[in-house]
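Q: whatever this is, show me its structure:
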Amino acid sequence: MNDPHQLVPAAARDDVHLSQIGHSEVPRFAALYRTIWAPLGGGGREAWTVADWRSELAQPGTEAWIATLGGHNVGMAQIGWTGQGDAGFTVIGVIPSRQGEGIGGDLLTRLTRHLWEHPAPNGRATHRVWLWTLPDEHPHTIPNYLARGFQRGPDLVG
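A: Presented below is the predicted three-dimensional model:
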């Protein structure tokens, strides 16, 4: 996505609360990752320890977010800025029991806006927002990305 006006917002889920997590909540984030990706074969970070996650999420320009519904974790995302104008999603997902309810689209919409509206830690404005995808994504994933206005790049699978 090369312009914030390309974002096609999903329906807002006013019942879903989104919050950026701090250092003390990294174990919760790691557990949520495993809950989301276990049914898909585990993902590349299934074996990561809390220390691995802490190291990853401590990188400059990296943020971790958790979505809750009725006080229960329902989704998560890791986003970040390169400092060169690129910003993007490294990880985004919704727990299996809540997939297909519009939570992922709302999460993607809110955090895409956040990436456009906030500069990198070095002050550089965002000029492009990207998504990292894998061949074994949930079937709703890439259609959700495309519906939000993201475009297929040369490396987009699916």
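Q: pLDDT weak spots in this protein?
A: Along the chain, the parts satisfying pLDDT under 70 run over 42-43, 135-136, 154-158.
Q: hey, where'd the helices end up in it?
A: Secondary structure of the chain (DSSP state H): helices located at 26-37, 50-57, 103-117, 141-147.
Q: residue 133 is nearest to which of these?
A: helix 141-147 (6.5 Å; CB to CB). For every residue, glycine as well, the C-beta is placed using N, CA and C.
Q: thinking again about what came up before, just name the most buried of the helices of the chain.
A: helix 103-117 (a mean of 21; mean count of other CB atoms under 10 Å).
Q: contacts for that helix next, please.
A: 1, 4, 7, 9-13, 16, 18, 65, 67, 69, 74-75, 77, 79, 81, 87-89, 92-94, 126, 129, 140-141, 144-145, 147-148 (CB atoms under 8 Å, 6 or more residues apart in numbering).
Q: try stretch 128-148
A: Contacting residues not belonging to stretch 128-148 are listed as 1-2, 7-10, 40-41, 43-44, 85-93, 99-100, 104-105, 108-109, 112, 115-116, 150, 152-153, 156-158 [CB under 8 Å, 6+ apart].
Q: please pick the buried ones from these.
A: Burial by neighbour count, 16 or more other CB atoms under 10 Å: within the contacts of stretch 128-148 this picks out 1, 7, 10, 43, 86-89, 91-93, 99, 104-105, 108-109, 112, 115-116, 150.
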